[in-house]
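Asker: show me the folded form of this:
(chains A and B)
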Protein chains: 2
Amino acid sequence: MIIAETIQQLRAALRERREARLEQRIGFVPTMGFLHEGHASLMRRAKEECGYAVLSIFVNPMQFGPNEDFDRYPRDAERDIRIAEQNGIDVVFMPSVAEMYPKKPVTKILISGVTERLCGASRPGHFDGVGLVVSKLFNLVQPDRAYFGMKDAQQVAVIARMTEDLNIPVEIVPCETVREADGLALSSRNVYLSEEERGQAVILSRTLALAKEWVKSPGMTNRALSDKIKESIGQAALADIDYAEVLTYPDLEPLNDEAELSAYDGEILVALAVKFGRTRLIDNRLMELHGGGDHV
Amino acid sequence: MIIAETIQQLRAALRERREARLEQRIGFVPTMGFLHEGHASLMRRAKEECGYAVLSIFVNPMQFGPNEDFDRYPRDAERDIRIAEQNGIDVVFMPSVAEMYPKKPVTKILISGVTERLCGASRPGHFDGVGLVVSKLFNLVQPDRAYFGMKDAQQVAVIARMTEDLNIPVEIVPCETVREADGLALSSRNVYLSEEERGQAVILSRTLALAKEWVKSPGMTNRALSDKIKESIGQAALADIDYAEVLTYPDLEPLNDEAELSAYDGEILVALAVKFGRTRLIDNRLMELHGGGDHV
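Answerer: Predicted coordinates for the structure are as follows:
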């Protein structure tokens, strides 16, 4: 496994591979490190499907707000390198901030529409930073496929749309969220949780499982579903709801509050962001509805 | 020569070339068509330096303002194809607007700093459209080198900076402006000019040639130079100045009005945009100054 800390080292590794004329494609897993089994599952899939797998580890300051957790975001390079090696990665790219941003960029990538709600609304500027760093990483690695976890469903929708709009020759592969035994979605931020918060955090995945049933109830409207979801989360005393929304997927447009969900035909996303103390967790569930309604 | 009207046709042509494993690189010349000798010189250089040359012809609606000349921009596909063939082009990519923008893009590329003056100021949104279409074309063609005429010096500066900020693996090659015998910079828009306007349009290149001398005069300040330039252009009765500016290059920052130019150390750009009737012409000249001043 090659560890590249500079763009020059990365490009040299990729050039060498190209000159070897391997028929393999390049699978790419961009991450912010502090790797967990969710990341590992992406790495294994990239390696298996493409034959050559590149992992990037970069905590991108441009996607954090001024009062967010950039400084205290968990980091453990040694452990990350071990996990990468165990999961078939060929090249780890782990640049410094100065390597990625040698001067203040004057180029911004602004994505509207899909960024208007959920984390786009509660973390202003977040997806501008994501769009910029993902564009840069795609240009540096030039992968055939890039693998993203669906825990960040909005991120997947945003990157897929940007890739389409800019004709970036990368296939975006959304991958299922990996969960703890009790249902908690894996996240590098889970380490922030106190024991009590960790116990209550299971309310997110539990509520999403319930929502999957509620959605099928006759007469269930969007508003009624949202109310039931919020009520369910409210049962966890430490939970502080940032958002709990039901949107179309992948366009992430709101549904009419009074619309009967059973009449909707297509995919909807139930998305949650909930704070436990200082820690903000997100989770979501995609649901396929086969209503008659206006859509048939 | 392959003529590709769709992205699929373009990608098929480029794939075939890659599979043939030619050692050639790809040289790319993006244009809006209505080709002239300026474009032809870029095509020949692309072919000569890279071995494989791709030309794109696309009048990009996103870089025209609502009251600009998108609809009447001159077009002649048959003649363009002939010129491309005569100048060594391997693939011409000439997509429709629907092919390039099958849906309204939600992704914007905004470039600040270098776009604040000159055409960035007098054509709001112009460089956002340029940034978007050039990003798309770079992602579609994936060239090793891209060739641009220096008549559009600001465009070259903007694209070079975007390419750097986004780590796009393309070398931007600025090429000297090609001129008529009397000095008029070649432009597809020159066909708009009446005979009288065409006669007077030579004032741009003449003024720039004079400015190259004036700059060396002892005590010449930025303000005095700008005044002399405007006075010179004013001698052409039909000339209506949009801008006449002296800026640093490639950052395109203004110089202090009272600064003595002889003391400046570095490249400066004298840039003009002048209307003759409905036709807006641009021209410029880069000048290398070797002052002592603050910069040594």
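
Asker: how is chain A carved up into domains?
Answerer: A:2-175, A:188-290 (automatic domain parsing).

Asker: now the ones you listed as a markdown table including mean pLDDT, distance to residue B:85 and mean neighbour count?
Answerer: Quick note: C-beta positions are derived from backbone N, CA and C, even for glycine. Output for the domains of chain A, formatted as a markdown table (pLDDT from 0 to 100; distance: least, C-beta to C-beta, whole Å; neighbours: other C-beta atoms under 10 Å in any protein chain shown):
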| stretch | mean pLDDT | distance to residue B:85 | mean neighbour count |
| --- | --- | --- | --- |
| domain A:2-175 | 96 | 26 | 19 |
| domain A:188-290 | 96 | 43 | 17 |
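
Asker: to residue B:4, which of those lies closest?
Answerer: Taking C-beta to C-beta, domain A:2-175 is the member of the domains of chain A nearest to residue B:4, at 13.7 Å.

Asker: one step back: okay if I get the domains of chain A as a markdown table plus distance to chain B?
Answerer: Listed next are those as a markdown table, based on distance: least, C-beta to the nearest C-beta, whole Å:
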| stretch | distance to chain B |
| --- | --- |
| domain A:2-175 | 4 |
| domain A:188-290 | 10 |
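
Asker: next one: the residue lying closest to residue A:276 once chain neighbours are set aside from residue B:81, what distance?
Answerer: Spatially, and ignoring its direct neighbours in sequence, residue A:276 is nearest to residue A:197 (3.9 Å; C-beta to C-beta, 6 or more residues apart in numbering or on different chains). From residue A:197 over to residue B:81 the distance is 67 Å, taken as C-beta to C-beta, to the nearest Å.

Asker: is residue A:198 in a helix, a strand, or coil?
Answerer: Taking DSSP: H, G, I helix; E, B strand; the rest coil as the rule, one finds residue A:198 in the helix state.

Asker: so it touches residue A:190, yeah?
Answerer: Yes - with contacts counted by C-beta atoms under 8 Å, residue A:198 reaches residue A:190, the gap being 7.2 Å.

Asker: what is in contact with the two at once?
Answerer: Shared contacts of residue A:198 and residue A:190 (C-beta atoms under 8 Å, 6 or more residues apart in numbering or on different chains): residue A:184.

Asker: which residues touch the residue nearest to residue A:276?
Answerer: A:238, A:276-277, A:279.

Asker: let's see it at 6 Å
Answerer: Contact analysis of residue A:197 by C-beta atoms under 6 Å, 6 or more residues apart in numbering or on different chains lists A:238, A:276-277.

Asker: repeat that for residue A:203.
Answerer: If a contact means C-beta under 6 Å, 6+ apart, then residue A:203 has A:233, A:236, A:239 as its contacts.

Asker: what about residue A:271, which SS state?
Answerer: With three-state DSSP as the basis, the three-state label of residue A:271 is strand.

Asker: can you tell me how far it sits from residue A:112?
Answerer: For residue A:271, the distance to residue A:112 - C-beta to C-beta - is 18 Å.

Asker: please apply the same query to residue A:89.
Answerer: Taking C-beta to C-beta, one finds residue A:89 at 35 Å from residue A:112.

Asker: now swap in residue A:251 and tell me
Answerer: For residue A:251, the distance to residue A:112 - C-beta to C-beta - is 12 Å.

Asker: who are the packing partners of the lengthiest helix in chain A?
Answerer: In chain A, assigned by DSSP state H, the helix with the most residues is helix A:126-141. Judged by 3 or more C-beta pairs under 6 Å, 6 or more residues apart in numbering or on different chains; DSSP states H and E, the packing partners of helix A:126-141 are strand A:107-111, helix A:153-165.

Asker: alpha carbons of that helix, as CSV, please.
Answerer: Coordinates of each C-alpha in helix A:126-141 appear next as CSV, following Å, rounded to 0.1, in the frame of the first residue of the first chain:
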residue,chain,number,x,y,z
HIS,A,126,-21.4,23.1,4.1
PHE,A,127,-22.2,21.7,0.6
ASP,A,128,-20.2,24.4,-1.1
GLY,A,129,-17.2,23.1,0.8
VAL,A,130,-18.2,19.5,-0.1
GLY,A,131,-18.6,20.3,-3.8
LEU,A,132,-15.2,22.0,-3.9
VAL,A,133,-13.2,19.3,-2.2
VAL,A,134,-15.0,16.4,-4.0
SER,A,135,-14.3,18.2,-7.3
LYS,A,136,-10.6,18.6,-6.4
LEU,A,137,-10.3,14.9,-5.2
PHE,A,138,-12.1,13.6,-8.4
ASN,A,139,-9.6,15.6,-10.5
LEU,A,140,-6.7,14.4,-8.5
VAL,A,141,-7.6,10.7,-8.4
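
Asker: can you give me the strands for the stretch 51-200 of chain A?
Answerer: Ranges of strands in the stretch 51-200 of chain A, per DSSP state E, counting those that start in this stretch, are A:51-57, A:91-93, A:107-111, A:145-149, A:171-175.

Asker: nearest to residue A:244, out of those strands?
Answerer: Between the strands of the stretch 51-200 of chain A, strand A:145-149 lies closest to residue A:244; by C-beta to C-beta that is 20.3 Å.

Asker: quick one, the closest one and helix A:153-165 angle?
Answerer: For strand A:145-149 against helix A:153-165, the angle by axes from the mean of the first three to the mean of the last three C-alpha atoms, to 10 degrees is 160 degrees.

Asker: strand A:145-149 packs against which elements?
Answerer: By 3+ C-beta pairs under 6 Å, 6+ apart, strand A:145-149 packs against strand A:25-31, helix A:37-50, strand A:171-175.
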